[in-house]
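**Q** Let me see the structure of the following:
(chains A, B, C and D)
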Protein chains: 2
Amino acid sequence: MVTYEHPRPAVTVDCVVFGFDENDLKVLLIQRKYEPFRGVWALPGGFVHLEENLEQAAARELWEETGIKGCFLEQLYTFGRPDRDPRDRVITVAYYALINLNDYPVQADSDAIRVAWFAMDDIPKLAFDHEEILKTAQQRLKGKITYQPIGFELLPDKFTLTQLQRLYEIILATGLDKRNFRRKLLAMGFLEETNEIQTDVAHRAARLYRFNKVRYEQVRQNGFNFEL
Amino acid sequence: MVTYEHPRPAVTVDCVVFGFDENDLKVLLIQRKYEPFRGVWALPGGFVHLEENLEQAAARELWEETGIKGCFLEQLYTFGRPDRDPRDRVITVAYYALINLNDYPVQADSDAIRVAWFAMDDIPKLAFDHEEILKTAQQRLKGKITYQPIGFELLPDKFTLTQLQRLYEIILATGLDKRNFRRKLLAMGFLEETNEIQTDVAHRAARLYRFNKVRYEQVRQNGFNFEL
DNA sequence: ACAAAAGTGTTGAACGTACACCCATGC
DNA sequence: GCATGGGTGTACGTTCAACACTTTTGT
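**A** A predicted model of the protein is given here:
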């Protein structure tokens, strides 16, 4: 039963997938196999099915096109310029995802689809308005990382404080003082010191820490607000 | 030419319009004339036309249904639960608007449509998932007002510091210290002292100030960041 | 003259910022 | 033994939070 008679736009979801590898913030792109923009790199995404909600659609497309699932995924913004798709009116609800690169290493292209990680300062021309979407996602990440503890989503379960600091420095595009950074984060009370240290490094091995979500919720309920 | 063959959802825009009147944060609602939810209060909104972009659609619906135009309008979030409309799959891109209540006083119902302002602590049952949308908008306003100078959109062009403080107190649901509040805001350097004072008040009249956008942009470019 | 809100400074505590050296490890 | 990054404390300046009384105006 169709009860609302109007011409309808198509609705898609697109995902900006961020990963981090010690020195770079990276994004996962796929090379389009079909027109429009055949052969051009683009964000993973696709049409929303009628029976699924938007976040489900984003998670499904991510899984189908890149094999990623179960990661941090949050709605970013909805893009709907009438001419953003040359063939038809398409509105896209963009999401961004944060994943740990070690869990999804630079994958060999499958038969079906070409997938690759690109450093943020080396992005090829993108299809549609995906450059605008990517830019919006980068700004959101930069803004949000200072007041929500989402940076940990980009790191392995256990990480060093230096890795964490590098992540902040790269995303915020700024330098941070080592002593002040450590003092501040440890004082927050939700970084759990493990009794493990780095292996396979050519210098003194650093202690590994873990983000303790339960403790974070506790301090948050006591009025603590994550900041910087 | 339809090139993407998929069943399509309908796409609407809905607007959460906030106003402020000395003692209350208010929202503009309209009473639905048609099914579904006939007679129930709802956010102003309607279908996106194929040739307009999303923000244009929101501005147009706002104008058509409430007579408001030219105000602050920003995308909020996109809601797409498959069952959010009982009759069909409808995805809605929600916007929120901030207006000065004096420019749009509590309007008499027109023949066509019943429109009314409701205080945030006295909201009737709403159609669809509009309660969720409203709640999301309130959280966004509460969050954003502390790091962007958007509170001024809710006040007249010239306002007293006490009015500004009340606005913050009500939106943040907290008490603020008068001396500290004034000192902090004046120190920001973009509140312009006019040489006018309140009229028609039964006590000492307060000085009127104005938000100077140009000066705000200047201090911002010098590295200043609005906060609290 | 009284009611109502406007306007105004100081102090102590907490926090942020700047800064440099020794230590542990692998090669 | 040397190169590499790991780990640590202090002092100063800035900002925040708490706090109460006098002034102006209208009725």
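
**Q** does residue A:170 sit in a helix or strand, and which one?
**A** Under the criterion of DSSP states H and E, residue A:170 resides in helix A:161-172.

**Q** which of the residues in that helix are buried?
**A** A:161, A:163, A:164, A:165, A:166, A:167, A:168, A:171 (16 or more other Cβ atoms under 10 Å in any protein chain shown). Yep, even glycine has a C-beta here, placed from its N, CA and C like the rest.

**Q** ok, it near chain B or not?
**A** No. Applying Cβ under 8 Å from any Cβ of the partner chain, one finds helix A:161-172 separated from chain B by no less than 13.2 Å.

**Q** So which elements touch the very next helix or strand once past that helix?
**A** Going down the chain from helix A:161-172, the next helix or strand is helix A:178-187, by DSSP H and E. Here helix A:178-187 touches helix A:161-172, going by 3 or more Cβ pairs under 8 Å, 6 or more residues apart in numbering or on different chains; DSSP states H and E.

**Q** same thing but at 6 Å, please
**A** Taking 3 or more Cβ pairs under 6 Å, 6 or more residues apart in numbering or on different chains; DSSP states H and E as the contact definition, helix A:178-187 has no neighbouring helices or strands.

**Q** Write out the residues of chain A neighbouring chain B.
**A** By Cβ under 6 Å from any Cβ of the partner chain, the residues of chain A that approach chain B are A:3-4, A:6-11, A:47, A:50-51, A:53-54, A:78, A:80-82, A:87-89, A:91, A:93.

**Q** again, only using 7 Å
**A** Residues of chain A lying close to chain B by Cβ under 7 Å from any Cβ of the partner chain are A:2-4, A:6-11, A:47-48, A:50-54, A:75, A:77-78, A:80-82, A:87-89, A:91, A:93.

**Q** quick revisit: could you give the average pLDDT over the helix holding residue A:170?
**A** Averaging pLDDT along helix A:161-172 gives 98.

**Q** how about it against DNA strand C, any contact?
**A** No. Interface with DNA strand C: helix A:161-172 contributes nothing (Cβ under 7 Å from any atom of the strand), its closest point being 12.1 Å away.

**Q** residues making contact with that helix?
**A** Around helix A:161-172, the neighbours that count as contacts under Cβ atoms under 7 Å, 6 or more residues apart in numbering or on different chains are A:20, A:22, A:25, A:141-142, A:145, A:151, A:154-155, A:175-176, A:178, A:181-182, A:185, A:206, A:209.

**Q** Now the strand ranked longest in chain A - C-alpha only, PDB.
**A** For chain A, the strand reaching the highest residue count under DSSP state E is reported as strand A:10-20. As requested, the backbone C-alpha atoms of strand A:10-20 are provided in PDB (Å, rounded to 0.1, in the frame of the first residue of the first chain):
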ATOM      1  CA  ALA A  10      16.600   7.200  -3.900                       C
ATOM      2  CA  VAL A  11      18.200   6.900  -0.400                       C
ATOM      3  CA  THR A  12      21.600   5.500   0.200                       C
ATOM      4  CA  VAL A  13      24.000   5.200   3.100                       C
ATOM      5  CA  ASP A  14      27.800   5.900   2.800                       C
ATOM      6  CA  CYS A  15      30.500   5.100   5.300                       C
ATOM      7  CA  VAL A  16      33.700   6.900   6.000                       C
ATOM      8  CA  VAL A  17      35.900   4.300   7.600                       C
ATOM      9  CA  PHE A  18      38.800   5.600   9.600                       C
ATOM     10  CA  GLY A  19      41.900   3.600  10.600                       C
ATOM     11  CA  PHE A  20      45.100   4.600  12.300                       C
END
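
**Q** Give me the sheet partners of it and which way each runs.
**A** Using DSSP bridges, the strands paired with strand A:10-20 in its sheet are strand A:25-31 (antiparallel), strand A:45-47 (antiparallel), strand A:90-98 (parallel).

**Q** Fine by me, we can end here.
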